[in-house]
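**Student:** Sequence and predicted structure, then a few things I'm wondering about:
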Amino acid sequence: MSTKKEKVVYIAHPVSGDVKGNIDRVLQICREIHTESKYIVPSAPYIATLLYLDDDKADERELGIKANKLLFERGGFQELWLCGNRISPGMRQEVEWCTKLNIPIICYSKELTEEFIHFRLYGVWSEDKK
């Protein structure tokens, strides 16, 4: 019997722009996390929605965002992990949901730490303060 508690973590990563490349990066991150820890199950449900919704169409992107929000609200994840080289507008929205829902947030990618700390301290994103 395991003494460690398994958890499902939401992998937040930029998608827009190079959608295919970003999907590949998310899948690699999920593989890395899942193979390194038997107790952490990475989840990126937006990958599935990107297979049938077009991220370049505002109405379809909004459908995907609503689906993700529902998963957060229903307790589908125990943590949110910030990944990638920037915090995109979609990731900001996910951070704000988690903040309201008291879901812990981890900076998996160290280069995102400063921007995330700024948000935690001041309640605004660093580029919004200008």
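**Tutor:** Here it is on my side, so go on. Numbers count the residues shown, from 1 in each chain.
**Student:** residues of the host helix or strand of L51 that come out buried?
**Tutor:** According to DSSP states H and E, L51 maps onto helix 46-52. Across helix 46-52, burial judged by 16 or more other C-beta atoms under 10 Å covers Y46, I47, T49, L50. Just so you know, the C-beta spots here come from the backbone N, C-alpha and C atoms, and that holds for glycine as well.
**Student:** just checking, next helix/strand downstream of the biggest strand by length in the chain?
**Tutor:** The residue-count maximum for a strand in the chain (DSSP state E) belongs to strand 7-12. Downstream of strand 7-12, the first helix or strand assigned by DSSP H and E is helix 19-36.
**Student:** and that next one, C-alpha only, in PDB?
**Tutor:** Only the C-alpha atoms of helix 19-36 are listed here, as PDB (Å, rounded to 0.1, in the frame of the first residue of the first chain):
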ATOM      1  CA  VAL A  19      -0.600  25.200 -31.500                       C
ATOM      2  CA  LYS A  20       0.900  22.000 -32.900                       C
ATOM      3  CA  GLY A  21       4.300  22.800 -31.400                       C
ATOM      4  CA  ASN A  22       2.800  23.700 -28.000                       C
ATOM      5  CA  ILE A  23       0.700  20.500 -28.000                       C
ATOM      6  CA  ASP A  24       3.900  18.500 -28.500                       C
ATOM      7  CA  ARG A  25       5.600  20.400 -25.700                       C
ATOM      8  CA  VAL A  26       2.700  19.800 -23.300                       C
ATOM      9  CA  LEU A  27       2.700  16.100 -24.200                       C
ATOM     10  CA  GLN A  28       6.500  15.900 -23.500                       C
ATOM     11  CA  ILE A  29       6.000  17.700 -20.100                       C
ATOM     12  CA  CYS A  30       3.200  15.300 -19.200                       C
ATOM     13  CA  ARG A  31       5.400  12.300 -20.100                       C
ATOM     14  CA  GLU A  32       8.300  13.700 -18.100                       C
ATOM     15  CA  ILE A  33       6.200  14.200 -15.000                       C
ATOM     16  CA  HIS A  34       4.300  11.000 -15.300                       C
ATOM     17  CA  THR A  35       7.400   8.800 -15.800                       C
ATOM     18  CA  GLU A  36       9.400  10.600 -13.000                       C
END
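**Student:** Lovely, talk soon.
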